[in-house]
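Peer 1: Kindly return the folded structure for what I paste below:
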Amino acid sequence: MCVAPSRRRPIVLGANHPIAERLGPSPGLAPDHAVLEHDVVPGRLRLSTLGDAPLQVDGTSGARFALSSGAVIRLGETLLVYRTVVEPLFEVGPPPVGTSFPLHLAQRQVDRSALAPVEWPILLRGPSGAGKEHLARRVHDASGRPGAFIAVNCAGLSSALLAAELFGHARGAFTGAVVDRPGLFRAAHRGTLFLDEIADLPTEVQPMLLRALQERRIRPLGSEVEVPVDVRVVCATHQDLGLCVAEGRFRADLLSRLDALAVDLDGLPDRREDILPLLGGFLGAAVRFDADIAEALLLSEWPDNVRSLRQFANWILHATDATGTLGVDDLPPTLRLEALRRLDGRRAHASDESVELTALLERHRGRVSEISRASGLTRQQLYRRFQRYALDPERFR
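Peer 2: Residues are numbered from 1 along each chain as shown. Got it, this is the predicted structure:
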């Protein structure tokens, strides 16, 4: 959802406000839970609790926070991800529920590129495991091309083997070439060829790819006959191709051909809104998360991005009998430690507050008015806290 407080009108978050309509049933969400307003620092927003409603940002409890993009906000059992959005992003409209703005923008860009009048190559840039192949398949689906989607990883293959894979070879072109092979360009005719890790394309193969892109024709190894091909090429990399050019590992003319249509895709730490929807898709509707587990998942780093998330989902599905609500004991060891650390911190805070309130009740013999004057809390705030920790002032009188 999109919210933008003005200087004069802060936004109140709570069960009595429009946010509740989008969130559905939200245990622990107070009627007026927190307020979002402009901070004293220009361009920054501040989130403050109202009354004594519990508020956490990035796993830390407090009463007031200056927000940064990507912050994980917890209001009771409700989790939100705060995202700052630059103005041009609103031109593409709000994203679907469960999709982050960065992913939505990348998807809209590839959709437009796929339908461009001139079928230039598309370059997808982003960290490893961020989901670039998913976007490449989206290009193919959006283009409506009737041919196949073919993917190949350019890393780890020798120049001769990769050239033979891409462009095919004639019988007798090299030792072991006992039959003609068409190659992946021809296999992807009238379809899409996805070249992953394009920065690792051997320098000997780069001029061959450049010619294929310019002329739309290929020459199989060992053949003197060029073959026309109709292929949409999509490339992906997690490296800086400009740096590769400066280091002499990548041709400048090939880069200028590839990055005519470039799309950037952020990693999961920069689009935390996608973590739980993606994980829900991997696990299916049978597995749910309570707020403590969901918070631990949102705040995890996921070093290999979507690939790490899929590995975690596979671990849950095959290494546990998790059904219903996922608990701390169902997590892999590293995530279990993080979740327990956050749980212990909250329990310690709650325990300390409960001990302090109990001491006040004993000292003032349950007289709430005296406790209010001693603590600086209103009677309403005190009664809410007594209810939270099952403390009855009558028992102390």
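
Peer 1: Count the residues that sit near Pro303.
Peer 2: Neighbours of Pro303 under the rule other Cβ atoms under 10 Å: 13. C-beta: built from backbone N, CA, C; applies to glycine.

Peer 1: got it, and Val57?
Peer 2: Per other Cβ under 10 Å, the neighbour tally for Val57 reads 19.

Peer 1: Show me what it is bridged to.
Peer 2: Thr60, Ile73 (DSSP bridges).

Peer 1: Contact partners for it?
Peer 2: For Val57, the contacting residues are 47, 65, 67, 71-74, by Cβ atoms under 8 Å, 6 or more residues apart in numbering.

Peer 1: Contacts only, for the residue nearest to Ser159 when sequence neighbours are not counted.
Peer 2: Of all residues not flanking Ser159 in the chain, Pro202 sits nearest, at 3.6 Å (Cβ to Cβ, 6 or more residues apart in numbering). By Cβ under 8 Å, 6+ apart, the contact set of Pro202 is 154, 157-159, 162-163.

Peer 1: Filter those down to the ones in strands?
Peer 2: Of these, none are assigned to strands by DSSP state E.

Peer 1: Please check these and keep the buried ones.
Peer 2: Those of the contacts of Pro202 that meet the buried threshold are 154, 157, 162-163, by 16 or more other Cβ atoms under 10 Å.

Peer 1: can those residues go into JSON lines with extra columns for distance to Glu370 and pLDDT?
Peer 2: Shown next, in JSON lines, are the buried ones among the contacts of Pro202 (distance: Cβ to Cβ, whole Å; pLDDT from 0 to 100):
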{"residue": "Cys154", "distance to Glu370": "75", "pLDDT": "93"}
{"residue": "Leu157", "distance to Glu370": "79", "pLDDT": "82"}
{"residue": "Leu162", "distance to Glu370": "81", "pLDDT": "90"}
{"residue": "Ala163", "distance to Glu370": "86", "pLDDT": "88"}
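
Peer 1: Of all pairs in those, which one is the farthest apart?
Peer 2: Cys154 and Ala163 (11.0 Å; Cβ to Cβ).

Peer 1: Could I get the full set of strands for the stretch 151-300 of the chain?
Peer 2: Per DSSP state E, counting those that start in this stretch, the stretch 151-300 of the chain carries strands over the ranges 191-196, 217-218, 227-228, 231-237, 261-264, 287-289.

Peer 1: which helices and strands sit right next to the fourth one?
Peer 2: Using 3 or more Cβ pairs under 8 Å, 6 or more residues apart in numbering; DSSP states H and E as the contact test, the elements touching strand 231-237 are strand 122-125, helix 132-143, strand 191-196.

Peer 1: Buried residues, the longest one. List them.
Peer 2: Okay, so that is helix 132-143. Neighbour counts over helix 132-143 (16+ other Cβ under 10 Å) mark 132-133, 135-140, 143 as buried.

Peer 1: can you map out the helices along this protein?
Peer 2: Along the chain, counting by DSSP state H, helices occupy 19-23, 101-114, 132-143, 159-167, 184-187, 206-215, 241-246, 252-258, 275-283, 291-299, 306-319, 333-363, 368-375, 379-388.

Peer 1: Just the CA atoms of the third one, as PDB, please.
Peer 2: Read it as helix 132-143. Presented in PDB, the C-alpha positions along helix 132-143 are these (Å, rounded to 0.1, in the frame of the first residue of the first chain):
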ATOM      1  CA  LYS A 132      17.000 -12.800 -13.300                       C
ATOM      2  CA  GLU A 133      16.000 -16.100 -15.100                       C
ATOM      3  CA  HIS A 134      12.400 -15.600 -13.900                       C
ATOM      4  CA  LEU A 135      12.500 -12.100 -15.500                       C
ATOM      5  CA  ALA A 136      14.000 -13.600 -18.700                       C
ATOM      6  CA  ARG A 137      11.100 -16.100 -18.900                       C
ATOM      7  CA  ARG A 138       8.700 -13.200 -18.400                       C
ATOM      8  CA  VAL A 139      10.300 -11.500 -21.400                       C
ATOM      9  CA  HIS A 140       9.700 -14.600 -23.500                       C
ATOM     10  CA  ASP A 141       6.100 -15.000 -22.300                       C
ATOM     11  CA  ALA A 142       5.300 -11.300 -22.800                       C
ATOM     12  CA  SER A 143       6.800 -11.300 -26.300                       C
END
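
Peer 1: Who are the packing partners of that helix?
Peer 2: By 3+ Cβ pairs under 8 Å, 6+ apart, helix 132-143 packs against helix 101-114, strand 122-125, strand 149-153, strand 191-196, strand 231-237.

Peer 1: looking at the ones you listed, which is closest to Ala359?
Peer 2: Here helix 101-114 is closest among the helices and strands packed on helix 132-143 (Cβ to Cβ), at 47.3 Å.

Peer 1: which residues are in contact with the closest one?
Peer 2: 83, 85, 89, 92, 95-96, 99, 120, 122, 124, 131, 135, 138-140, 142-143, 232, 261, 263-266, 270-271, 273-274.

Peer 1: circling back to that earlier point, kindly reformat the helices of the chain as TSV and extend each row with distance to Phe194.
Peer 2: TSV is the format used below for the helices of the chain (distance: least, Cβ to Cβ, whole Å):
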stretch	distance to Phe194
helix 19-23	36
helix 101-114	12
helix 132-143	4
helix 159-167	12
helix 184-187	10
helix 206-215	13
helix 241-246	17
helix 252-258	13
helix 275-283	20
helix 291-299	29
helix 306-319	16
helix 333-363	31
helix 368-375	63
helix 379-388	54
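
Peer 1: now, among the buried ones among the contacts of Pro202, which is nearest to Ala252?
Peer 2: Nearest member of these to Ala252, counting by Cβ to Cβ, is Cys154, at 18.0 Å.

Peer 1: Wait, the closest one touches Glu197, no?
Peer 2: Yes: if you go by Cβ atoms under 8 Å, Cys154 and Glu197 touch, sitting 4.9 Å apart.

Peer 1: Mutual contacts of the two, please.
Peer 2: Here Cys154 and Glu197 have no joint contacts, going by Cβ under 8 Å, 6+ apart.

Peer 1: returning to that earlier point: of all the helices of the chain, which lies closest to Asp58?
Peer 2: Comparing those by Cβ to Cβ, helix 291-299 comes nearest, at 6.4 Å.
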